[in-house]
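**Q** sharing a model prediction with you, sequence too.
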Amino acid sequence: MKNKNVIKYSVPVVCILVGLFFAVYSLSNYEIYHPTKGPMAGFMPLAVGVLLILVAVIDLLQAGRYQDVIMKKENWIFVLCVIVTIACHYLVGILPAGFLFCFLWMKFRSKCSWKEIIVTLAVLALIVFGIFVFWLKIPFTYGLLTPFLK
């Protein structure tokens, strides 16, 4: 019984720590805002970090009201897929790994049609490239295999 209560409080605490890391890292390593260019590469990690901290604090305050946590095995599929995606981004880069994750999840887990997959990936690519690559100019990492794929 005590173990289940630990999970209720540990997830928000870990989220607060991750949010603090992103906020502090972006403040110390990236430029946040330029008067003429607008938001720079550190803006988005700072915004995500601050929002993660706020949501995690709210979650931490409400954790006592939650029912006991039931850990089902099928819920760990997503966690495993994210870990594989993170490992895969070292090979092909973060953007191809993310798009591959989205494609595989939609095809095999959600059982979406090809039309839904293509439309979703096209919209996702427009958003990611338009906002993060062209507007905010975020320096995404490239994988070890990227030079061989060109």
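**A** It's in.

**Q** for the chain, which segments count as strands?
**A** 33-34, 38-39 (DSSP state E).

**Q** tell me how many other residues surround residue 26.
**A** Residues within reach of residue 26, counting by other CB atoms under 10 Å, total 22. Every C-beta, even on glycine, is put in place using the N, C-alpha and C of the backbone.

**Q** go ahead and confirm it touches residue 49.
**A** Yes - under the criterion of CB atoms under 8 Å, residue 26 lies in contact with residue 49, with a separation of 6.6 Å.

**Q** mean confidence for stretch 97-108?
**A** When pLDDT is averaged along stretch 97-108, the result is 91.

**Q** for residue 127, give me the pLDDT.
**A** 94.

**Q** ok, it - contacts?
**A** Listed by CB atoms under 8 Å, 6 or more residues apart in numbering, the contact set of residue 127 is empty.

**Q** ok, residue 49 next?
**A** Counted by CB under 8 Å, 6+ apart, residue 49 has contacts 18, 19, 20, 21, 22, 23, 24, 26.

**Q** do residue 103 as well
**A** 117, 121.

**Q** what about it, distance to residue 82?
**A** Taking CB to CB, to the nearest Å as the measure, residue 103 falls 15 Å from residue 82.

**Q** for burial, what's the neighbour tally of residue 102?
**A** By the criterion of other CB under 10 Å, residue 102 has 16 neighbours.

**Q** start at 9 instead
**A** Shifting the count to begin at 9 puts that one at residue 110.

**Q** now do the contacts for it.
**A** Residues near residue 110 by CB under 8 Å, 6+ apart: 128, 129, 132.

**Q** just residue 104 next, same as before
**A** Residues in contact with residue 104 (CB under 8 Å, 6+ apart) are 97, 151.

**Q** can you tell me how far it is from residue 149?
**A** Using CB to CB, we find residue 104 at a distance of 11 Å from residue 149.
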